[in-house]
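K.L.:
Here is my input; please provide its structure:
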Amino acid sequence: LTATAHAAAPGITGPTFNLTAQAGSISQPDGAAVYSWGYGCNGAPTGFAPAAIAGAFCNSMQVPGPTLIVTEGQTVTVNLSNGLPAAAGNTSILFPGFSVTATGGVTGLMTQEAAPGGSVTYTFTATSPGTRSYYSGTQGDLQVEMGLYGAIIVLPATVPAACTSGVHASNLSAESFWGEADFRLSQAAYDHASTCYDREYLFQFSEMDPKIHNAALAQVTDITTCPGTGRPTCPTTLAVPTEPYQPAYFLINGRSMPDDMDPNYASQYPNQPYNGNPHMHPGELTLIRVIGQGRWQHPFHEHGNHVRILARDGNLILSQTDATKLGGRLEFTTDTTPGQAFDGIFYWTAKGLNWDAYGHNPSSNDSNATLPCTPDANGYNTGAPTAINYYEWCQDHNKPVQVAPFGDVASGGPTTLPDPNIFTNGPWYGGSPYLGPDATLRATGCMHT
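P.N.:
This next block holds a predicted model:
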């Protein structure tokens, strides 16, 4: 996997952030350019993270807004300028979970707001690690729908010693051997030895009703152009209906499928810099940061293994009887509740699939089929971190998959895979449950057990 393929959790570093709220358009796979509002950078940010990702940018409008990356204990300052059309009125930012001091601007219902062309400053202490959302506190039913939301990630001030040795060091050794970069923002999600991780990804789920966006554009245009037209009265404020709500686009990090599989900071998405295309190896602890930024729940199923919930809205869940142990439950499908964030550990092992996850097939004359798989005490091939099949579940080594038409694992006699070009998403699916071009080629053709 090339470095650009990894999703990671890209963002900008502080602890001072100069943001602006502006209008722009975001693209959809059907060719639509949807009028939206978004937070962006007011000038060059202090820096970008992870540093291993090349080509990072932070334009003056993006959806979601820039991911703000800070460290526990830091004093965070966010200066917001209102660059929205004057017809949109005031705007603001809420930071749930933090004690915020707001200065400047004008008094709003929930916080100090920036008037059109004005600014406001928010200051708070990053009191605890974790993932949280931020979003507009002004006419939220419209402004959040239009795209005024983002994420803030607080990294732990101290990394537990257990997170820099043992299996984690071996996993990094394997990544380094194959030319992959370390995309972690830290080695631990929280100040707790059981929150170590090897990779991390941020998923912000939302949906979008284009009727609302089109109505906002029409009204902004009317309010802006009406004076001087001779009309007896001109509207001065927006009155965009946000119900009934009928979303037509469903977004991960501001993009719809398959756009969210393209790299971070792809030039074709100037206002949608973040992707949603995670990659991991068997045996790695993958930290998933998830935020429900829309109105609807979005059940999210992580295939192969359950997810251990670490925390919700930055609140680490510990055992009520032993505070040294995690208390979050294992979930088969994680729920993305509107307005809520959670952190979880996804540990994918390929254990018990009853077929070789690496696509080895002893009858294929593939040199990789002769790779040894020596089980450790837990049944995994962990003795050679630089081996292609590092962390393979040895019990399924060399077991070919039995494939039925349309790629479903099945029983019965041997079958032939269909031509992947006949699928609607042909470029994204090779017709095989094995992922990657090499594995797909090994798996195509007549297969049998």
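K.L.:
List the buried residues in stretch 179-187.
P.N.:
Glu180, Ala181, Phe183, Arg184, Leu185, Ser186, Gln187 (16 or more other CB atoms under 10 Å). Heads up, the C-betas are built off the backbone N, CA and C, glycines and all.
K.L.:
what about it, distance to the chain center?
P.N.:
Centroid separation between stretch 179-187 and its chain, computed with CA atoms, centre = their mean, to the nearest Å, is 16 Å.
K.L.:
Let me see the mean pLDDT of that stretch.
P.N.:
What stretch 179-187 shows for mean pLDDT is 86.
K.L.:
Please apply the same query to stretch 326-344.
P.N.:
pLDDT averaged over stretch 326-344 gives 91.
K.L.:
shift numbering so it begins at 13
P.N.:
With the count now opening at 13, the last piece we talked about shows up as stretch 338-356.
K.L.:
Show me which positions of it end up buried.
P.N.:
Using 16+ other CB under 10 Å as the test for burial, stretch 338-356 gives 338, 340, 343, 346, 348-356.
K.L.:
In CSV: these, plus distance to Gly67 and secondary structure.
P.N.:
Converted to CSV, those look like this (distance: CB to CB, whole Å; DSSP: H, G, I helix; E, B strand; the rest coil):
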residue, distance to Gly67, secondary structure
Leu338, 37, strand
Gly340, 36, coil
Glu343, 35, strand
Thr346, 30, strand
Thr348, 29, coil
Thr349, 33, coil
Pro350, 32, strand
Gly351, 32, coil
Gln352, 32, coil
Ala353, 27, strand
Phe354, 30, strand
Asp355, 27, strand
Gly356, 29, strand
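K.L.:
Now the two most distant members of the residues you listed.
P.N.:
Leu338 and Pro350 (25.3 Å; CB to CB).
K.L.:
Same list (the buried residues of stretch 338-356) but as JSON lines, adding distance to Ser188.
P.N.:
Converted to JSON lines, the buried residues of stretch 338-356 look like this (distance: CB to CB, whole Å):
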{"residue": "Leu338", "distance to Ser188": "29"}
{"residue": "Gly340", "distance to Ser188": "31"}
{"residue": "Glu343", "distance to Ser188": "32"}
{"residue": "Thr346", "distance to Ser188": "30"}
{"residue": "Thr348", "distance to Ser188": "33"}
{"residue": "Thr349", "distance to Ser188": "37"}
{"residue": "Pro350", "distance to Ser188": "40"}
{"residue": "Gly351", "distance to Ser188": "39"}
{"residue": "Gln352", "distance to Ser188": "36"}
{"residue": "Ala353", "distance to Ser188": "31"}
{"residue": "Phe354", "distance to Ser188": "30"}
{"residue": "Asp355", "distance to Ser188": "26"}
{"residue": "Gly356", "distance to Ser188": "26"}
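K.L.:
No more questions from me, cheers.
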